[in-house]
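1. sequence and predicted structure below; questions after.
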Amino acid sequence: MKHELDLLDRRIIICLQQDGRRTFASLAAELHVAESTVRTRVGRLTGSGILKFFADIDPYPLGLTYAHVMIRVRGAHLRQAAKALAAIPEILYVGMCTGSFDIVTDVVCRDNQHLLKLIQDAIRPISGIEYLETFITLDILKDTYSYEAVLLGLEPS
C-alpha cells in the first residue's frame, strides 16, 4: 500500500534521518510548525511503518564480518525460504529481488568462521535453496539511510 507524503512529512523524515534524536520542539522550530503537529506527524509515520528508529553501528571497528549472501531458490519455495532466512538472528536484511538471484541478504558475523558455520548449518539446509553466493564487504564507502534526494524530487547531479 502506497502512502502519500506531503512536504512537511518529507521534511520531518529528512531532519530525523540527519539526527534521529532530535526533539519535537527543535523540529517544530526548524520547520515553523507547532510541536504538537510534529508529534502527531511522527506518530502517524511510525504507526504506519514508514519511519523506524534504531541505532545503526559500524561493524568494522568491532572486528565483525559483514557480507551479502545472494540466494537462488527453486520453484515455489521463495516465500518460505525468505521467511526462514528472516528468522536467523545474524541476517539483518532479507529482500526478494529481480535478476539472477531471488533473495538478497545482509549478514553480520563475529568472524569468517562464524560466517562459514552460518552458511553451512543455517542457510544451506533451508528447503528450496538451490544456489548461493557470498560477498564479504571489505570496506564501506557510503552508508547512509538518507532519502533526501528522492523525497524532495532532486535530479541526479
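-> Yep, it's here.
2. quickly list what the spatially most central residue of the chain is bridged to.
-> For the chain, the residue nearest the mean C-alpha position is residue 93 (6.1 Å; Cα atoms, centre = their mean). Beta bridges link residue 93 to residue 106, judged by DSSP bridges.
3. quick check: it touching residue 106?
-> Yes - between residue 93 and residue 106 a contact is recorded at 3.9 Å, counting by Cβ atoms under 8 Å. Every residue, glycine included, has its C-beta placed from N, CA and C.
4. returning to that earlier point: now do the contacts for the residue nearest to the centre of the chain.
-> Counting by Cβ atoms under 8 Å, 6 or more residues apart in numbering, residue 93 touches 104-106.
5. any idea of the pLDDT on it?
-> Looking at residue 93, its pLDDT is 96.
6. quick one: it from residue 85, how far?
-> 10 Å (Cβ to Cβ, to the nearest Å).
7. what residues are shared contacts of those two?
-> Contacts common to residue 93 and residue 85, judged by Cβ under 8 Å, 6+ apart, are residue 105.
8. and the residue nearest to the centre of the chain, how far is that from residue 103?
-> Residue 93 sits 10 Å away from residue 103, going by Cβ to Cβ.
9. pull up the overlap in contacts between those two.
-> With Cβ under 8 Å, 6+ apart, residue 93 and residue 103 have no common neighbours.
10. just to revisit the earlier point, out of the contacts of residue 93, which end up buried?
-> Taking 16 or more other Cβ atoms under 10 Å as the criterion, what is buried in the contacts of residue 93 is 104-105.
11. buried ones in the lowest-mean-pLDDT helix or strand in the chain, by neighbour count?
-> Lowest mean confidence among the helices and strands of the chain (mean pLDDT, DSSP states H and E): helix 148-151, at a mean of 78. Buried residues in helix 148-151, counted by 16+ other Cβ under 10 Å: residue 151.
12. quick one, strands of the chain?
-> Assigned by DSSP state E, the chain shows strands spanning 65-73, 91-96, 103-109, 129-136.
13. tilt between the last one and strand 65-73?
-> Spelled out, it's strand 129-136. Per axes from the mean of the first three to the mean of the last three Cα atoms, to 10 degrees, the angle that strand 129-136 makes with strand 65-73 is 160 degrees.
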